[in-house]
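> Requesting a structural model of the entry that follows:
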Amino acid sequence: MEKESINEKWRERFDFLSTHGLPGTPSYTKTYRTMKFGQRISIGANLYAFFFGFVYFCILGLWKKGLVLFLGVAAIQAALIAIEAVADIDMNAFAKVINIGYACVCSYLVNTAYYLRMVKGVESWNPFQGLTRKSAEAVSNLPSRQY
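Numbers count the residues shown, from 1 in each chain. Next up, the predicted model:
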């Protein structure tokens, strides 16, 4: 992959993750905590994923991980609908909280997932890969590709 095909924002995120490791590593956590708020948002979150969720995952080629997240939130919403129908309780507030939580999770996960796909060549179904110490160490041992 040519370096010009990745824009500056992604290159900044990829450089940070290459230097400090994935979110599951102590060095990432230590460095992330010392950053200013704007830098944290830039590295750790993605507004496109927050607003477009599954569609943005598909645009980046992360459809497997996006599908897992989407089906997970759809199952939770289906359970809320069932509870609402059976118990005759208004669950709209819970549904809104679930949707905002889904948007936040998508926003937080997409940068790491895209790094794993583009730099490490990982094409898995696990959207939470690299967020725990064990999985971050396993992925860190994989060879990196040029981005």
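> So residue 49 versus residue 5, what's the distance?
20 Å (C-beta to C-beta, to the nearest Å). C-betas here are computed from N, CA, C, even on glycine.
> Who has more neighbours out of those two?
When residue 49 and residue 5 are compared for neighbours, residue 49 comes out ahead with 28 against 9, by other C-beta atoms under 10 Å.
> Would you indicate which residues of the host helix or strand of residue 111 are buried?
Residue 111 belongs to helix 92-115 when assigned by DSSP states H and E. Neighbour-count burial for helix 92-115, counted by 16 or more other C-beta atoms under 10 Å, picks out 98, 102-103, 105-115.
> Next secondary structure element downstream of that helix?
helix 133-140.
> any idea of the mean pLDDT in that next one?
In this model, helix 133-140 has a mean pLDDT of 88.
> Check stretch 103-113 too.
On average, stretch 103-113 scores 97.
> Could you list the low-confidence segments of this structure?
By pLDDT under 70, the low-scoring segments of the chain are 1-4.
> center of the chain, which residue is that?
By C-alpha atoms, centre = their mean, the chain has its centre lying nearest to residue 109, at 0.9 Å.
> who touches the nearest residue to residue 144 once chain neighbours are set aside in this structure?
Spatially, and ignoring its direct neighbours in sequence, residue 144 is nearest to residue 119 (5.2 Å; C-beta to C-beta, 6 or more residues apart in numbering). Residues near residue 119 by C-beta atoms under 8 Å, 6 or more residues apart in numbering: 14, 17, 18, 144, 145, 147.
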